[in-house]
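Undergrad: Fold the stuff below for me.
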Amino acid sequence: MNLGPKIVLIVGSAPDATRISSWDLSHFASCVVINNAWRLTRHWDYLIFPEDFPVSNFPSYPIQIEKQLITACEFVPEQNKFGGFIYAGGTMAFTAGYWALGSLKPDVIAYLGCDMVYTQEEGKSSHFYGNGSADPLRQDITLQSLEAKSVRLMIHAQLQNCAIVNLSKLPHSRLLFPRASTSQIISKAFSKELLEKHINEIDPEKIKIAFQAEKKLSYMVSSGRYWESIDEFDKDKLKQIDSYWLESAAQLTRNTPNDLSYA
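TA: Model (predicted):
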């Protein structure tokens, strides 16, 4: 019987994600793979993908009955519970996080392969399967600051007594989650200590300001298809809200540098 924390692993398509092939996934309550990340392991539990995910990119093998495909029908309602796509950020790494937070109720969410840093070096691939589109870097008013969106998700998780960490070993990441190793996160004490650390180092007044600003703007597209009403939203006001989220965790992110020294 596993008496440790309930850990949800979320896997993206960065080259670093290939590390999962050597991991014992029994430590994780669930493995959520995003888009093409199903190719990295057959031991996934949920495959989450957007409406425009090509049918040709679906698993080439029969999907076992215990595995679940998570579509907009499932993740849009969950995302809306946390304020919707405009505030959360319209890219699948964040959508997967909010869906997991709302649906799976974990103690820890651990990210791998979602650093949103795309190499431009000759001879190096942007994704584990080769070169793909850098979806989070597209021109989109919901993605003006990936760092701010990661802080927002981290704070929403904290309010649900869930810690979020980044298992990446890449030198840089756009996610401002603290770095951790798989050996660390399986300890119940680790998640508790991490949450306590966050509580001591975030600014509740700045968080309150961010929530109030979101509520005042009242930007919500219940279908999730915010791009169909893009002219109704003020880019500068959303940028201001991003700044509030970043300010709320300024001490936290300063004290846990986003590099390999934390791992």
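Undergrad: hang on, residue 164 in a strand?
TA: Yes. Under DSSP: H, G, I helix; E, B strand; the rest coil, residue 164 falls within a strand.
Undergrad: Select the helix or strand of this structure having the lowest average pLDDT value.
TA: In the chain, no helix or strand scores lower on mean pLDDT, DSSP states H and E than helix 250-255, which sits at a mean of 68.
Undergrad: Count the neighbours of the closest residue to residue 72 other than its chain neighbours for me.
TA: Using Cβ to Cβ, 6 or more residues apart in numbering and skipping residues adjacent in sequence, the residue nearest residue 72 is residue 51, 5.3 Å away. Any C-beta I mention is one placed from the backbone N, CA and C, and that applies to glycine too. Residue neighbour count, defined by other Cβ atoms under 10 Å, stands at 10 for residue 51.
Undergrad: phi, psi of residue 51?
TA: Dihedral pair for residue 51: phi -60, psi -30, per degrees, to the nearest 10.
Undergrad: Make residue 1 into 801 and carry on from there
TA: Sure, I'll start counting at 801 from here, so that last one is residue 851.
Undergrad: Before we move on, what's the pLDDT of it?
TA: Looking at residue 851, its pLDDT stands at 91.
Undergrad: quick one, phi psi at the residue nearest to residue 823 when sequence neighbours are not counted?
TA: Closest residue to residue 823 in three dimensions, ignoring its sequence neighbours and counting by Cβ to Cβ, 6+ apart: residue 982, at 6.5 Å. Residue 982 adopts backbone torsions of phi -60, psi -30, taken as degrees, to the nearest 10.
Undergrad: mind listing what residue 982 touches?
TA: 823, 827, 910, 967 (Cβ atoms under 8 Å, 6 or more residues apart in numbering).
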